[in-house]
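> pasted the sequence and its predicted model underneath.
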Amino acid sequence: MTNLQIFVTVGTDHHPFDRLVKWCDSWASVHPNDSVTIQFGTSSPPSCAVGFEYLEPVELAAEIARADVVVCHGGPATIAEVRSGGMLPIVVPRVSSVGEHVDDHQVRFTARVSDAGMIKVLETQDELSGMLESARQDPAAFRVEAQGDQTARSVRLFGDLVDAILS
């Protein structure tokens, strides 16, 4: 059984994403041999995991490169950054009903991207725990071929998906 290096990022949106931070901090408290680092933004800081409010782009890339697993919010640019770093993102989309975003575009976007096999999307803490246990058994299953910076392509894809939803 492998100890994991887990990196979590909630991005830079001004809405707190306490739900994801709490889930990952809870994992860290129960799995002390795993290394959990959380970029928490405006969310409450973790109490057990290592926490950074924000990271510079070069620091974010370094955390992704060090990680066995990356857990993130459903923002297209973040997903592209994680994939460009050679990782298959585990994604928890922000939801508006609990104040994590202004609307549910991340829910719709991540459903589409998940259907394309580009991410692993989940909705519950139990699903997160199961996914991290899977990563412990087979960390290579959470790697993809690094394709360089895919931000521009992801932004275009996001725009196409938004157009399709609104049409």
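Yep, that arrived.
> CA atoms for contacts and neighbours, from now on please.
Noted.
> for stretch 47-56, buried residues please.
Neighbour-count burial for stretch 47-56, counted by 16 or more other C-alpha atoms under 10 Å, picks out C48, A49, V50, G51, E53, Y54, L55.
> for stretch 136-146, same thing?
R136, P139, F142, R143, V144.
> mind checking which of those land in helices?
R136 (DSSP state H).
> helices or strands next to the helix or strand encompassing S134 in the packing?
Assessed by DSSP states H and E, S134 sits inside helix 125-137. Applying 3 or more C-alpha pairs under 8 Å, 6 or more residues apart in numbering; DSSP states H and E, we find helix 125-137 packed against helix 18-30.
> now do whichever helix or strand comes after the helix it packs on, average pLDDT.
Note on helix 18-30: by DSSP H and E, the next helix or strand toward the C-terminus is strand 35-39. Strand 35-39 carries an average pLDDT of 98.
> want to throw the buried residues of stretch 136-146 into CSV with pLDDT and distance to A77?
Output for the buried residues of stretch 136-146, formatted as CSV (pLDDT from 0 to 100; distance: C-alpha to C-alpha, whole Å):
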residue, pLDDT, distance to A77
R136, 92, 26
P139, 92, 23
F142, 95, 19
R143, 94, 18
V144, 93, 17
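> from the buried residues of stretch 136-146, which two are the most distant?
The distance between the two most remote of the buried residues of stretch 136-146 (C-alpha to C-alpha) is 16.5 Å, for R136 and V144.
> for the residue nearest the centre of the chain, list each beta-bridge partner.
In the chain, the C-alpha nearest the mean C-alpha coordinate belongs to C72, at 1.1 Å (C-alpha atoms, centre = their mean). Under DSSP bridges, the beta-bridge partners of C72 are T9, V91.
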